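**Student:** Quick one, fold the following:
(one chain, ligands or ions: 2)
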Amino acid sequence: MNTTVSFHCTACGKCCNSPPAMTVPELLHHEDLFVGALGVRCDPAGLSLATMALDFPSLEACPARLPDGLCGIHTNRKPAMCGTVPLDPHHADDRQHVVLFSRTTGAGYVGAECIVPGRREGLPVLVADGEVADPGYRTQLHGHRGALDRETQEWGGAVSALLRGQMAPPAAGDVVTLPLVPVLAVLAARSDAARRRCLRYVRRQRVLLDRKVDEGLARKHPRDKPVTKEFRAYAAAYERLEAALARGGVAATATAAEALRTETYLDAAEAA
Ligand code: SF4
Ligand code: SF4
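**Tutor:** Ligands and ions are numbered 1, 2, ... in the order given. Alright, predicted model coming up:
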């Protein structure tokens, strides 16, 4: 089987057809632009969690995509996941050629012709012989896997344990999206500074969600109705969380070392 794939991005913006997966610090950094969500799916090993941004499906665009197709936050903390595209950090390096072949027929790539099986003169080789050949992409991919491990360490395990008793596992292949409430509750309990940062995020998301709901109602697109309803539910959940966080109802329960680690993690949200 041919495992060599060449690739050249012309920044056409075709694949920016939906909001990306984002880490919590990235969602906090872009709290006025992206509606954050927690995606839950059921793997053979148990619940699998990942944070992401959501928007109306009828828009078929990431909220950061500019009219000319370029990324509006390219130099302002563009999500690390986007820096790995068209690779996928959730698959091993020696499976990336399979990821790339599947993308050539995916909605976001048809017509772009940026992914070419084999070698083609003038196009850089992205993967070959079971490895990521491009050093820049290799660094992005491996760096992002490290960031995803940090997500698991900071909140993944604790939120899994929390959800296990609170929700039925999604059916195989389904992804259930939830507001970030359990993630924020876990982080806010680490220290008072963490609680205040989560409170700011909740307040900013409520403003964004209200605006999004108004936009959805004004546009009246049938495909957007479930998301408008979902955004309303997020706004209500954040209203309750805001009240709990504001009165200190989420008490700090972490050790000093855990508190410092989480504050450093959340501080990364402020970095440009
Ligand atoms: S579709 Fe291909 S060429 Fe266009 S932005 Fe995405 S990766 Fe780049
Ligand atoms: S953040 Fe930028 S690169 Fe990522 S999907 Fe949105 S527009 Fe595309």
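**Student:** For Val213, give its distance to Met52.
**Tutor:** Counting by Cβ to Cβ, to the nearest Å, the separation of Val213 from Met52 is 19 Å. Every residue, glycine included, has its C-beta placed from N, CA and C.
**Student:** Quick one: residues contacting Asp267.
**Tutor:** If a contact means Cβ atoms under 8 Å, 6 or more residues apart in numbering, then Asp267 has no contacts.
**Student:** let's see it at 10 Å
**Tutor:** Residues near Asp267 by Cβ atoms under 10 Å, 6 or more residues apart in numbering: 25, 28, 193-194, 197.
**Student:** In the stretch 51-200 of the chain, mark out all the strands, start to finish.
**Tutor:** Ranges of strands in the stretch 51-200 of the chain, per DSSP state E, counting those that start in this stretch, are 115-117, 125-128, 131-132, 176-178.
**Student:** Val213 and Met52: who's more crowded?
**Tutor:** It is Met52, of Val213 and Met52, that has more neighbours when counted by other Cβ atoms under 10 Å, with 21 against 18.
**Student:** Just grab the bridge partners of the more buried one for me.
**Tutor:** Counting by DSSP bridges, Met52 forms beta bridges with Ala21, Ala37.
**Student:** Can you check the pLDDT for it?
**Tutor:** Looking at Met52, its pLDDT is 98.
**Student:** Is it in contact with Glu151, as I believe?
**Tutor:** No. The pair Met52 / Glu151 is not scored as a contact, 11.5 Å apart, by Cβ atoms under 10 Å.
**Student:** anything in contact with each of these two?
**Tutor:** By Cβ under 10 Å, 6+ apart, Met52 and Glu151 have these common neighbours: Thr23.
**Student:** For the nearest residue to Val125 once chain neighbours are set aside, list the residues it contacts.
**Tutor:** Leaving aside its sequence neighbours, Val125 sits nearest to Ala133 (Cβ to Cβ, 6 or more residues apart in numbering; 4.8 Å). Applying Cβ under 10 Å, 6+ apart, we find Ala133 in contact with 4-7, 96, 124-127.
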